[in-house]
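> give me a 3D structure for the following:
(2 chains)
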2 protein chains.
Amino acid sequence: MDLAALRKDLEGLRIEDNPAIVQQKSRDFYWYSPVLKRQLDHVTGDLVVSPRNEAEVMRVLAACHRHGVPVTPRGTGTGNYGQAMPLSGGVVLSLAEMNEVTTIAEGRVVSGPGAILAEIDRRTKTHSRQELRLHPSTYNTASIGGFIAGGSGGVGSINFGGLRDFGNVMRLRVVTMEAEPRILELSGEDLHKVTHAYGTNGIITEVEMPLAAAYDWVDVIVGFDAFADAARYGNALACQDGILTKLITPVAAPAPWLYFKRHQRFLKEGQSVVIAMVAPHSLDAFRAFTRRERGEVIFDASQVDDLKGLPPAYELTWNHTTLRALRIDPAITYLQSLYPFPDQLDLVARVDGLFPGEVTSHLEFVRFDGNITCFGLPLVKFTTEERLNEIIRLYEDNGCPIFNPHRYTLEEGGMKQTDEVQLAFKRLADPQGLLNPGKMIAWEDPDYNYRSGKTFLFKGLERAG
Amino acid sequence: MDLAALRKDLEGLRIEDNPAIVQQKSRDFYWYSPVLKRQLDHVTGDLVVSPRNEAEVMRVLAACHRHGVPVTPRGTGTGNYGQAMPLSGGVVLSLAEMNEVTTIAEGRVVSGPGAILAEIDRRTKTHSRQELRLHPSTYNTASIGGFIAGGSGGVGSINFGGLRDFGNVMRLRVVTMEAEPRILELSGEDLHKVTHAYGTNGIITEVEMPLAAAYDWVDVIVGFDAFADAARYGNALACQDGILTKLITPVAAPAPWLYFKRHQRFLKEGQSVVIAMVAPHSLDAFRAFTRRERGEVIFDASQVDDLKGLPPAYELTWNHTTLRALRIDPAITYLQSLYPFPDQLDLVARVDGLFPGEVTSHLEFVRFDGNITCFGLPLVKFTTEERLNEIIRLYEDNGCPIFNPHRYTLEEGGMKQTDEVQLAFKRLADPQGLLNPGKMIAWEDPDYNYRSGKTFLFKGLERAG
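Below is the predicted model of the structure:
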């Protein structure tokens, strides 16, 4: 890795080499996981390069290819699994400056990978009252490219499923990591080669995403004495085909009262809640339905005079729930589970109930293959890695797959299987394996035994450590 | 029934008494059913009154109440069950002229009951690229009030369920049938008192409906050699959370080739088809998905140079399928079935297969209580009423409820149970039972035995016959 030669080749580009800043730009929110915190805390790149356009991306990739320097692409670093952390050092390729929104049309928007989700929506709303279908709870800071490469779904998944689904990404423009980088345009089934691949399969330089109608979503919170009732209500609300919502999130006591400090004046200690975003033209129906289901609306943003100081509802949900808990109780971490349809409510009751005082239920209702079901992001009081793995095993033994957020590889996270198509694509797009090394086990160690019971340890990372 | 005195009280209002025109305005598409054709062919009102505003509606109702004259409200008469046919004669209250669209805002539209669905959409599209969530295949001729009072769902139900669902009607303004008619504003759960009640519970004078984003939906037809594959593909497409469709309609061979004459050049004899409406920004994903599922796109309106002479896809679906079949083969009638989730595909295969050569499968995929499933509107070669009832019994014995389109009463149609709440509301809104007499069995004969195996015969109709 001849960094001096590389720097010479990159003359005129924006380069940062102040070690403190480079380290900061080499990190994401991996520290939500005590496991990743231990494994990745020392990880840092050597340089941060910030191309301003696709031509500069191609220049960087050609130069890095020439000098054998790893390249790890990065949006704004809001991931949680070290997606954008450069395990083997080298160049952190910050795409934050490629943030232009270039086209807005009916049902679609085209932008650079660095565009911030909330900023895209500001523009599409102003243009034609449209907004992105899906966003994570890091809406105000996450980039669209990072979301596609490292995320899976979030707010809006109750209507549209996840990024993996046909139609939720329309087109990606990708630059390959070769002596002479090529530009590829991917659509349809080919998109799966690049979505949720952590940038291991090419650098995204342009995205085209579908848009939905934008509404002035109303934040509401419904209170329940028993969490089972909150879960049942959330499920039933999600099944209301005529009530337009964008988010349905049950959170079990004691979490709401303890961790949603800025909403505390609306909450009752010991209550479980369902947080929801409701379209204004569905509010009447939402209220009638909630009355019928004996839910108590304890917060309705359309009825509160002063919302100052209150975060938006989605910043109480998805991984912001974990963040708020962590801020109050640093011992807390989390898991990601799926409660498969149609048994979701039974599974929630059975599985989360296995760990009283240790696991607190947090569900996110979504559409999944056409059915309403829920993911869980349960809050876990962390004691040891052994206990964490035991909890994971108990979830899985009971029929709830875990997408392990305490692993930095694609395969162990479980959101993505690396199949032969994807591997073949990587051979074409990154023949030397310089893109985000260490994240794709199938590439690093094709014979890896996933049933070993051990965590994959990337050799490059061992050396760096 | 002192019609002369009534006419005097109605001076200045638009009244039609030419018997030929009155008879025409007393009919709907009841003749799709040979049973209703036999029972209702002689039905006619005495006068057609066409109020221009709510004040005139109140004047008509007060006068009819005074003189004991039945009032049967009517939109544009596109129903199929005699919903708007005046079984006891009297006044046909045509609301067609109360067709003003008064408010268009984000997510909602307010109009008179007589506004034509397609005309509402023309205005809301021009205003803000919005459109109604749901419409029947009679989009270009049906009125919004008639749809609410006599319909149940249709195109768009794959996204939003049916009119019965919370949120799919926002608000109704209703005038009661009393000495001094009152105006009621209904929302939330109260809407169920008036939706799909055939105007037996008050006269709708204003509606507020939710809107969805309007798109230039692309009509497509996918061909399959076996109907089972068409049904499976339709179900799988409906389960694609990221592919935005508005209509998914499998129709079994030989119907497409025989009955969709104007599309025949695109079809192959013996093929079953799935007709769909796809949002332009989902077309790429739709094509990739269809390739993966081994469907053959045999018609794609976005790729056809000359669409002249081709009806829109939705005019091949819902009850327009029946209409097109009837035009070619007058012996054909139809049924309406539900194939309950999650067994819909098995039930379709089992039930429709019971009647080879006699019943041709026609499915409409919808969301129903949060699940994807399908209704059926199978084409039936009619022989006798006994055989038709036998077919119905076999559907029901096999677990497929039939919404019988050969009955003119609310209860026997099966779309609506008349409960105590509704009956109590009728006592308030129409104490003398003058609104659309003979349609609500619970009112006409509270002790009626639904298990008698016989068809309810409204006494007023017997007399008229």
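> and the strands in the stretch 301-450 of chain A?
Under the criterion DSSP state E, counting those that start in this stretch, strands of the stretch 301-450 of chain A are mapped to A:332-334, A:337-339, A:359-360, A:363-368, A:371-376, A:379-381.
> how many neighbours does residue A:179 have?
By the criterion of other CB atoms under 10 Å in any protein chain shown, residue A:179 has 11 neighbours. (Glycine included, C-beta is placed from N, CA and C.)
> go on, residue A:185?
Neighbour tally, residue A:185, other CB under 10 Å: 11.
> helix, strand or coil for it?
strand (DSSP: H, G, I helix; E, B strand; the rest coil).
> nearest residue to residue A:174 other than its sequence neighbours?
residue A:202 (3.7 Å; CB to CB, 6 or more residues apart in numbering or on different chains).
> quick one on the thing from earlier: got TSV for the strands of the stretch 301-450 of chain A, with distance to residue A:143 and mean pLDDT too?
TSV is the format used below for those (distance: least, CB to CB, whole Å; pLDDT from 0 to 100):
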stretch	distance to residue A:143	mean pLDDT
strand A:332-334	23	98
strand A:337-339	26	96
strand A:359-360	30	98
strand A:363-368	22	98
strand A:371-376	23	98
strand A:379-381	27	98
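> go ahead and confirm the residue nearest to residue A:174 touches residue A:429.
Yes: under the criterion of CB atoms under 8 Å, residue A:202 makes contact with residue A:429 at 4.4 Å.
> the two - which one has more neighbours?
When residue A:202 and residue A:429 are compared for neighbours, residue A:202 comes out ahead with 29 against 23, by other CB under 10 Å.
> would you check how far apart residue A:189 and residue A:108 are?
19 Å (CB to CB, to the nearest Å).
> what about the two, which has more around it?
Here residue A:189 and residue A:108 are compared on neighbour count by other CB under 10 Å; more neighbours surround residue A:108, at 19 against 15.
> which residues does the residue nearest to that one when sequence neighbours are not counted contact?
Of all residues not flanking residue A:108 in the chain, residue B:281 sits nearest, at 4.8 Å (CB to CB, 6+ apart). Counting by CB atoms under 8 Å, 6 or more residues apart in numbering or on different chains, residue B:281 makes contact with A:106-108, A:167, A:170, A:210-211, B:215, B:244.
> want to throw these into TSV with secondary structure, distance to residue A:421 and pLDDT?
Shown next, in TSV, are these (DSSP: H, G, I helix; E, B strand; the rest coil; distance: CB to CB, whole Å; pLDDT from 0 to 100):
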residue	secondary structure	distance to residue A:421	pLDDT
A:106	coil	32	98
A:107	coil	28	98
A:108	strand	26	98
A:167	coil	19	98
A:170	coil	20	98
A:210	strand	23	98
A:211	strand	29	98
B:215	coil	31	98
B:244	coil	26	98
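> can the residues you listed go into CSV with extra columns for distance to residue B:45?
Output for these, formatted as CSV (distance: CB to CB, whole Å):
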residue, distance to residue B:45
A:106, 46
A:107, 47
A:108, 52
A:167, 50
A:170, 54
A:210, 50
A:211, 49
B:215, 41
B:244, 44
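> find the closest residue to chain B in the stretch 1-150 of chain A.
residue A:107 (3.4 Å; CB to the nearest CB).
> what does the stretch 151-300 of chain A give?
For the stretch 151-300 of chain A, CB to the nearest CB, closest residue to chain B: residue A:239, 2.6 Å.
> quick one: pLDDT of that residue?
In this prediction, residue A:239 carries a pLDDT score of 98.
> please name the nearest non-neighbouring residue to it.
Residue A:239's closest residue in space is residue B:370 (CB to CB, 6+ apart), at 2.6 Å.
> OK, contacts around the one you found?
Applying CB under 8 Å, 6+ apart, the residues near residue B:370 are A:238-241, A:372.
> now, which of those lie within helices?
Taking DSSP state H as the definition of helices, the contacts of residue B:370 contribute residue A:238.
> need the contacts of residue B:370 in a markdown table with neighbour count and distance to residue A:147, can you?
Listed next are the contacts of residue B:370 as a markdown table, based on neighbours: other CB atoms under 10 Å in any protein chain shown; distance: CB to CB, whole Å:
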| residue | neighbour count | distance to residue A:147 |
| --- | --- | --- |
| A:238 | 22 | 23 |
| A:239 | 18 | 27 |
| A:240 | 24 | 28 |
| A:241 | 26 | 27 |
| A:372 | 25 | 23 |
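> which residues of the stretch 201-350 of chain A lie near chain B?
A:210-213, A:215-216, A:238-244, A:279-282, A:284-289, A:291-292, A:342 (CB under 8 Å from any CB of the partner chain).
> what subset of those is buried?
Among those, those classed as buried by 16 or more other CB atoms under 10 Å in any protein chain shown are A:210-213, A:215, A:238-244, A:279-282, A:284-289.
> which residue does the stretch 351-465 of chain A have closest to chain B?
For the stretch 351-465 of chain A, CB to the nearest CB, closest residue to chain B: residue A:370, 2.6 Å.
> quick one, phi psi at the residue nearest the centre of chain A?
In chain A, the residue lying closest to the centroid (CA atoms, centre = their mean) is residue A:151, at 3.4 Å. Main-chain torsions, residue A:151, degrees, to the nearest 10: phi -110, psi -170.
> list the contacts of the residue lying closest to residue A:322 once chain neighbours are set aside.
Nearest non-adjacent residue to residue A:322, counting by CB to CB, 6+ apart: residue A:334, 4.4 Å away. Neighbouring residues of residue A:334 by CB under 8 Å, 6+ apart: A:32, A:319, A:321-322, A:362, A:377-380, A:405.
> many thanks, have a good one.
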